[in-house]
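>>> Give the three-dimensional model of this entry:
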Amino acid sequence: MDYSIESIIFAIVIFAMNWAVIHFFIKKFGDKNSFQKELKWFFGFLAIFLGFLYLIGVKTLYDYAIAMSAFTFIWIVRSYLIKRIGGITTFEDAN
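Just a heads-up that it's a prediction; the model follows:
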């Protein structure tokens with residue numbers, strides 16, 4: 001694995017940006033009761049996804065950062081579609 005200081009900082013910044021985006025999105029479109037539950041589901045699936053990437057042999061932190069951003073984008077689209085098009089009124093009902 002690539003452990004240069006630049007790649008570690010890059011991965012941390014990408015993680016923080018993804019966390020901020022998902023935090024904003026859930027607060028904007030969710031309700032207070034489902035906020036923590038949605039974050040738990042998101043980070044649980046993200047950990048499983050990143051573990052899967054590790055098992056298949058992803059080696060660089062840059063690849064993990066890109067995959068994390070793609071996962072966040074897909075999660076936002078999934079949550080939006082479930083909430084707006086699926087007729088579900090709270091994120092809690094979707095999970």
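>>> Show the pLDDT at Ser7.
What the model reports for Ser7 is a pLDDT of 70.
>>> Can you tell me how far it is from Ala67?
Using C-beta to C-beta, to the nearest Å, Ser7 is found at 14 Å from Ala67. Just so you know, the C-beta spots here come from the backbone N, C-alpha and C atoms, and that holds for glycine as well.
>>> With Leu39 instead?
Leu39 is 19 Å from Ala67, by C-beta to C-beta.
>>> now do Ser4
Note on Ser4: its distance to Ala67, by C-beta to C-beta, is 19 Å.
>>> Of the two, give the one with the bigger neighbour count.
A direct count of neighbours by other C-beta atoms under 10 Å for Ser4 and Ala67 places Ala67 higher, at 17 against 10.
>>> Next up, the contacts around that one.
Contact analysis of Ala67 by C-beta atoms under 8 Å, 6 or more residues apart in numbering lists Phe49, Leu50, Leu53, Val58.
>>> can you give me the helices in the protein?
Taking DSSP state H, the helices of the chain run over residues 5-29, 32-56, 61-80, 91-94.
>>> OK, contacts around Met68?
Ile14, Phe15, Asn18, Leu46, Leu50.
>>> and Ser7, how many neighbours?
By the criterion of other C-beta under 10 Å, Ser7 has 16 neighbours.
>>> give the contact list for it.
Thr60, Leu61, Tyr62.
>>> roughly how far apart are it and Phe24?
26 Å.
>>> Spatially nearest residue to the residue nearest the centre of the chain, not counting backbone neighbours?
Geometric centre of the chain, nearest residue: Thr72, 3.7 Å, by C-alpha atoms, centre = their mean. Excluding the flanking residues, the one nearest Thr72 by C-beta to C-beta, 6 or more residues apart in numbering is Asn18, at 4.3 Å.
>>> Low-confidence ranges, this structure, go.
Scanning the chain with the threshold set as pLDDT under 70 gives 1-3, 29-35, 86-95.
>>> are any of the contacts of Met68 buried, and which?
Buried subset of the contacts of Met68 (neighbour count, 16 or more other C-beta atoms under 10 Å): Ile14, Phe15, Asn18, Leu46.
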